[in-house]
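Visitor: Need coordinates for the following:
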Amino acid sequence: MSLLTSLTYVLPHRFLSSLARRLAYSTSPGTKQWLIDTVTRKFDVDLSEAAEPDPRAYPSFNAFFTRALKPGARVADPDPRALLMPADGHVSQCGAIEDGRIFQAKGQSFTAAELLGDATAAEPFRNGLFATVYLSPRDYHRVHMPWTGTLRETVHVPGRLFSVGTDAVANVPRLFARNERLVCHFDTDFGPMVSVMVGALLVSGVETVWSGEEIPAYGTAITRKDYRGKGITLERFAEMARFNYGSTVIVLLPPGVAMLSPELKAESPVRLGQRLAMRIE
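Guide: Sure, this is the predicted structure:
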């Protein structure tokens, strides 16, 4: 375990994330430009894909970090049976959910019930599929729909804000089920589908297209929002939510509806819109 991962057990997670948020939203020209230039240089950010390629045109670091892409910079897999990768990044892990358990890393796993904060909601995914995608600071930070779905409920599960980097994933038990997260439940033509937006150390927030900012405010109790009957339907490949700093999205699918693309492996680089899985007809 690295020193940084060890320190995250004792660091004041929310205090540090609140400080990072203040910096991220600062419109001070010197502060915001120093942050943008530092991240662009350190992580080799490709601004040629951005709708606004000029790094000095962004009013804040957060505006830069949640930047939109040029039209056509990402395209959906043309096969209408394909479920889509929800974000740019790297596959942390993907595969079968085995009797309700989701693989995290060698020697580490957690349950779908822990992740969702609800054993009943987790039951349809007991032997289904999962894909965990890590977004690094260089990546496009908007998360899109793998498949067309109608929003049923969101669940804000409070927790820690550990780093979600490779070392932390390998060494922090049940990491994704311990970090603060927003669970988004959708109804689809094949049944339930879940996308989980997992917070992380220095993450300033999670926003959705239907409700705006969800994290912060940081919570101390599970908060549910019922969207049944509200008619919020998002099409396959449509934007769903965004991170205000790099983190992780986890997609859960029920059994018997799709097969994961065989080329997806741990640490595989992925791009929004590529094939995540193929519907079973």
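Visitor: where does the protein dip in pLDDT?
Guide: Residue ranges of the chain with pLDDT under 70: 1-11, 203-204, 246.
Visitor: Would you map out the domains in it?
Guide: Domain segmentation of the chain under automatic domain parsing yields 3-65, 82-279.
Visitor: so which strand or helix has the residue at minimal distance from the centre of the chain?
Guide: Centroid-nearest residue in the chain, with CA atoms, centre = their mean: residue 249, separated by 2.5 Å. Element membership for residue 249, per DSSP states H and E: strand 248-253.
Visitor: What helices and strands are in contact with that strand?
Guide: Secondary-structure packing of strand 248-253 (3 or more CB pairs under 8 Å, 6 or more residues apart in numbering; DSSP states H and E): helix 112-116, strand 129-134, strand 191-198. Every C-beta, even on glycine, is put in place using the N, C-alpha and C of the backbone.
Visitor: would you list those in a markdown table and tack on distance to residue 281 and mean neighbour count?
Guide: Formatted as a markdown table, the helices and strands packed on strand 248-253 follow (distance: least, CB to CB, whole Å; neighbours: other CB atoms under 10 Å):
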| stretch | distance to residue 281 | mean neighbour count |
| --- | --- | --- |
| helix 112-116 | 26 | 22 |
| strand 129-134 | 16 | 24 |
| strand 191-198 | 15 | 24 |
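Visitor: just so I know, which of those lies nearest residue 268?
Guide: Residue 268 lies closest to strand 129-134 among these, at 9.8 Å (CB to CB).
Visitor: any idea of the angle that closest one forms with strand 248-253?
Guide: 170 degrees (axes from the mean of the first three to the mean of the last three CA atoms, to 10 degrees).
Visitor: which strands and helices sit next to strand 129-134?
Guide: On a contact count with 3+ CB pairs under 8 Å, 6+ apart, strand 129-134 meets strand 89-96, strand 101-105, strand 248-253, strand 258-260, strand 275-279.
Visitor: What pairs with the shortest one, parallel or antiparallel?
Guide: Strand pairing for strand 258-260, using DSSP bridges, gives strand 275-279 (antiparallel).
Visitor: Report the buried residues of the partner strand.
Guide: Across strand 275-279, burial judged by 16 or more other CB atoms under 10 Å covers 275-278.
Visitor: Contacts for it, please.
Guide: Residues from elsewhere that reach strand 275-279 (CB atoms under 8 Å, 6 or more residues apart in numbering): 77, 79, 81-86, 129, 131, 146, 190, 251, 253, 257-261, 264.
Visitor: The chain: helices as residue ranges?
Guide: Here the chain has its helices, by DSSP state H, at 3-7, 13-24, 29-42, 61-65, 112-116, 119-122, 166-171.
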